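# Predicted model and sequence below, questions to follow.
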Amino acid sequence: MGFFSDLNKKLIENIYAHSSYLTDPSADLPRRVKEIVDLLMPFIQPEAREEVRLEILGIIHEHMYDEVEIEDSAAEK
């Protein structure tokens, strides 16, 4: 049981350390992106704002350029 206990402890530590990246799509986005998305919220119905906000941030997170891609495209020009 010692092996599984140690494994469980390590998994729990990782979940606590990195869970925001799994549950919050905006966790690794720049603060400015979050602020701009928040500026759009007055145009959204109040009851749908949180859902729409998370959806927009998720889309941005999914399709965001990596630093390597940005550097590669700049080098090509």
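Noted; the coordinates are in hand. Residues are numbered from 1 along each chain as shown.
# Residue 9 versus residue 53, what's the distance?
35 Å (C-beta to C-beta, to the nearest Å). C-beta here means a position set from N, CA and C on the backbone, and glycine is covered the same way.
# And these two? Which one has more around it.
Each of residue 53 and residue 9 has its neighbours counted (other C-beta atoms under 10 Å); residue 53 has more, 18 against 10.
# wait, that one sits on residue 37?
Yes. The pair residue 53 / residue 37 is scored as a contact, 6.0 Å apart, by C-beta atoms under 8 Å.
# Okay, helices next: where are they in this structure?
Counting by DSSP state H, residue ranges of the helices within the chain are 2-23, 31-40, 49-63, 67-76.
# In terms of mean pLDDT, which of the ones you listed ranks lowest?
Of all those, the minimum mean pLDDT falls on helix 67-76 (a mean of 55).
# Neighbours of residue 64, how many?
Residue 64 is flanked by 13 other residues according to other C-beta under 10 Å.
# Which residue, other than its chain neighbours, is closest to it?
residue 29 (7.2 Å; C-beta to C-beta, 6 or more residues apart in numbering).
# and the one you found, how far is that from residue 45?
Using C-beta to C-beta, one gets 24 Å for the distance from residue 29 to residue 45.
# between these two, who's got more neighbours?
Just comparing residue 29 and residue 45: by other C-beta under 10 Å the higher neighbour count belongs to residue 29, 15 against 8.
# show me the contacts for the more buried one.
57, 60, 61, 64 (C-beta atoms under 8 Å, 6 or more residues apart in numbering).
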